[in-house]
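Asker: just a sequence and a predicted model for now, questions to come.
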Amino acid sequence: MNSRKTLTLSAAIALILFAGAFLVVAHDEVRDVFKIESTIWPNETRGPVLFTHKKHAEDYSISCNECHHVYENGKNIWQESDPVDRCQDCHFETTVEGERRLPPDLQKLNLKLAFHNLCQDCHRAEVRRDRASTAPVTCGGCHSRSQ
Ligand code: HEC
Ligand code: HEC
Ligand code: HEC
Ligand code: HEC
């Protein structure tokens, strides 16, 4: 093998290793299963929710930006490689009872509604679409699995 070829080959190998490292990093970012456990509520009345994050993204084929967003001029500009802030960083209104009676602006900032509107709305639509769906729509379906 002449030295030019060797050079090309090692460059190719380096490139593959480099790309591989990136794939691993990108993959690691999608955490598998974790508890959604927000810290802004003085005491949780229902407790944390065990969430199959990776399954939602991969097995249920839900794109990242259906759940993750950063709005600019009303448009979601968040992209998969961007950092993810916690929901509670932006939805920091803490009312957990009668939250639907809050003024519309505050409802948008309400953390309980942020979770429930995201998780429950999709599950309800899912169950309407396919009666055999196991997407939980009852309180215990999401909250009991926490302990
Ligand atoms: C069905 C909704 C949903 C989908 C789809 C989803 N995520 Fe998430 N993700 C969440 C929720 C909920 C959290 C927890 C947020 C919190 O606790 O405030 C989270 C947390 C994260 C975090 C922070 C985790 C940590 O280390 O604490 C990252 C990074 C992330 N998601 C990336 C992604 C990427 C990349 C995709 C697509 C491949 C994706 N998510 C798809 C709902 C989703
Ligand atoms: C960087 C700030 C930010 C983060 C982080 C964020 N949101 Fe939002 N979210 C917003 C803003 C701002 C709006 C309101 C957009 C508008 O005016 O319509 C919004 C709107 C929503 C809506 C639609 C309004 C409603 O209440 O029905 C839902 C649902 C929602 N967010 C859930 C979540 C969830 C769940 C998370 C965490 C996975 C999250 N958001 C993370 C800023 C954020
Ligand atoms: C865009 C749609 C969508 C969103 C948003 C969504 N889910 Fe799901 N979820 C599904 C589907 C689809 C299933 C699987 C139903 C089946 O297999 O029949 C599911 C199943 C589940 C299950 C039971 C099976 C499992 O994998 O654990 C739990 C618990 C769950 N989701 C919690 C959540 C929580 C908590 C959130 C919000 C942070 C959420 N989901 C947001 C679509 C969604
Ligand atoms: C599809 C999943 C899902 C369903 C169904 C659901 N929740 Fe939740 N709920 C969540 C998630 C996720 C959170 C955020 C948990 C956290 O951060 O600790 C939450 C938070 C809450 C909170 C605020 C935190 C606390 O523990 O005080 C209350 C109260 C609550 N839910 C009550 C209910 C009630 C009552 C029902 C039934 C009518 C219900 N939820 C159904 C997913 C769900």
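Answerer: Sure, I can see it. Ligands and ions are numbered 1, 2, ... in the order given.
Asker: OK, contacts around residue 66?
Answerer: Each residue near residue 66 by Cβ atoms under 8 Å, 6 or more residues apart in numbering is listed here: residue 122. The way it works is simple: take the backbone N, C-alpha and C, and place the C-beta from them, glycine included.
Asker: which SS state does it fall under?
Answerer: helix (DSSP: H, G, I helix; E, B strand; the rest coil).
Asker: from ligand 3, how far off is it?
Answerer: 5 Å (Cβ to the nearest ligand atom, to the nearest Å).
Asker: residues making contact with stretch 93-104?
Answerer: For stretch 93-104, contacts defined as Cβ under 8 Å, 6+ apart pick out 40, 41, 42, 45, 106, 107, 109, 110, 111, 112, 113.
Asker: among those residues, which are within reach of ligand 2?
Answerer: residue 113 (Cβ under 6 Å from any ligand atom).
Asker: in ChimeraX, select just the buried ones from the contacts of stretch 93-104.
Answerer: A single ChimeraX command selects the buried members of the contacts of stretch 93-104 (16 or more other Cβ atoms under 10 Å):
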select :107,110,111,112,113
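Asker: just send the contacts of stretch 93-104 back as a markdown table, with distance to residue 85 too.
Answerer: Output for these, formatted as a markdown table (distance: Cβ to Cβ, whole Å):
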| residue | distance to residue 85 |
| --- | --- |
| 40 | 13 |
| 41 | 18 |
| 42 | 22 |
| 45 | 25 |
| 106 | 20 |
| 107 | 20 |
| 109 | 14 |
| 110 | 17 |
| 111 | 13 |
| 112 | 18 |
| 113 | 18 |
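Asker: lowest-confidence entry in the contacts of stretch 93-104?
Answerer: Note: of the contacts of stretch 93-104, the lowest pLDDT belongs to residue 42, at 85.
Asker: phi and psi next, for it.
Answerer: phi -60, psi -40 (degrees, to the nearest 10).
Asker: number the residues from 40 up from this point.
Answerer: Noted, 40 is the first residue going forward, which turns the last one into residue 81.
Asker: sorry, back to before: quick one: which of the contacts of stretch 132-143 is nearest to ligand 2?
Answerer: Set against ligand 2, the nearest of the contacts of stretch 132-143 by Cβ to the nearest ligand atom is residue 152 (4.8 Å).
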